[in-house]
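Peer 1: sequence-free structure coming up:
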């Protein structure tokens, strides 16, 4: 049990799913293990990933701290440590470990981190758009026509028309990849603005409006980026 006690020394304030131990009904005050029967406790379903890893709701995070906390918590909840326990403890450790792994993957990736923060701060995120950004609309229509023509010509074997179209599509892919990179740079600037606002002390009403504006901007950029990225993947798959 040494690994369990070592891992609990730093993070005793994560909310549990219930205030009483599921096994002995003793009061649970935030420890991962019951103080009486030493049974592992389920994490609260209301716990968000930022709170789980004890980092503020920022978009440029300390990845070293994230990784360190992840491994500390993994030593507490990993199912391998509960292989000889009863089925209830196995199930709890598996659930806690799955939550931890998903949270780590989400916060480690900047795009997933931003999407998750938007869900936390602004509620459910709207579905990713099915239409291209307005300034790409005409270009995308032509691109889709070229892709369809390429798919029709490809089974017929090599031809000058096919190779010319392949080159055109590859050039278009490079332009879209540049567009995606520009979107990601713009997203980074929004990350910086969000973090500065979170760490500053503006008036509550002012902060509320500024946060809403940044969240809307990020959601728009993420939607556009997703559409462009899907087009790039389609081009790669079709012309490779």
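Peer 2: Yep, that arrived. Just so it is clear, the model here is predicted, and its values are computed rather than measured. Residues are numbered from 1 along each chain as shown.
Peer 1: rest of the way, CA atoms for contacts and neighbours
Peer 2: Will do.
Peer 1: what packs against the helix or strand where residue 106 lies?
Peer 2: With elements taken from DSSP states H and E, the one containing residue 106 is helix 87-108. Packing partners of helix 87-108 (3 or more CA pairs under 8 Å, 6 or more residues apart in numbering; DSSP states H and E): helix 49-52, helix 63-77, helix 110-122.
Peer 1: just for the chain, where's the confidence low?
Peer 2: Residues of the chain meeting the criterion pLDDT under 70: 1-13, 30-31, 123-131, 201-205.
Peer 1: In it, what residue spans correspond to helices?
Peer 2: Per DSSP state H, the chain carries helices over the ranges 2-8, 49-52, 63-77, 87-108, 110-122, 137-153, 160-199, 204-239.
Peer 1: With distance to residue 25 added, can I get those in TSV?
Peer 2: Shown next, in TSV, are the helices of the chain (distance: least, CA to CA, whole Å):
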stretch	distance to residue 25
helix 2-8	20
helix 49-52	24
helix 63-77	21
helix 87-108	15
helix 110-122	32
helix 137-153	61
helix 160-199	39
helix 204-239	41
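Peer 1: what's the closest of those to residue 41?
Peer 2: Nearest of the helices of the chain to residue 41, taken as CA to CA: helix 87-108 at 6.9 Å.
Peer 1: Neighbours of residue 143, how many?
Peer 2: Neighbourhood size, residue 143 [other CA atoms under 10 Å]: 18.
Peer 1: So what touches stretch 104-111?
Peer 2: 49, 50, 59, 63, 66, 67, 70, 112, 113, 116, 222 (CA atoms under 8 Å, 6 or more residues apart in numbering).
Peer 1: right, and the pair among these with maximum separation?
Peer 2: Largest separation among the contacts of stretch 104-111 by CA to CA: 70 and 222, giving 26.6 Å.
Peer 1: Tell me which of the two has more neighbours.
Peer 2: Each of residue 70 and residue 222 has its neighbours counted (other CA under 10 Å); residue 222 has more, 21 against 18.
Peer 1: Run through the residues that contact the more buried one.
Peer 2: Residue 222 neighbours (CA under 8 Å, 6+ apart): 111, 115, 187.
Peer 1: mind putting these in a markdown table, distance to residue 155 and neighbour count included?
Peer 2: Output for these, formatted as a markdown table (distance: CA to CA, whole Å; neighbours: other CA atoms under 10 Å):
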| residue | distance to residue 155 | neighbour count |
| --- | --- | --- |
| 111 | 37 | 16 |
| 115 | 40 | 17 |
| 187 | 40 | 23 |
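Peer 1: Tell me the buried residues in stretch 59-72?
Peer 2: 59, 61, 66, 69, 70, 71, 72 (16 or more other CA atoms under 10 Å).
Peer 1: Could you do stretch 165-175 as well?
Peer 2: Of the residues in stretch 165-175, 165, 166, 169, 170, 172, 173 count as buried by neighbour count, 16+ other CA under 10 Å.
Peer 1: Also stretch 40-59?
Peer 2: Across stretch 40-59, burial judged by 16+ other CA under 10 Å covers 40, 41, 42, 43, 49, 50, 52, 53, 57, 58, 59.
Peer 1: which one of these sits closest to residue 94?
Peer 2: Residue 94 lies nearest to residue 42 out of the buried residues of stretch 40-59, by CA to CA, at 9.6 Å.
Peer 1: what residues are up against that closest one?
Peer 2: Neighbour list for residue 42: 16, 17, 18, 32, 92, 93, 95, 96 [criterion: CA under 8 Å, 6+ apart].
Peer 1: and the gap between it and residue 220?
Peer 2: 36 Å (CA to CA, to the nearest Å).
Peer 1: Residue 139: neighbour count?
Peer 2: Neighbours around residue 139, by other CA under 10 Å: 12.
Peer 1: How much space separates it from residue 219?
Peer 2: Distance from residue 139 to residue 219, counting by CA to CA: 23 Å.
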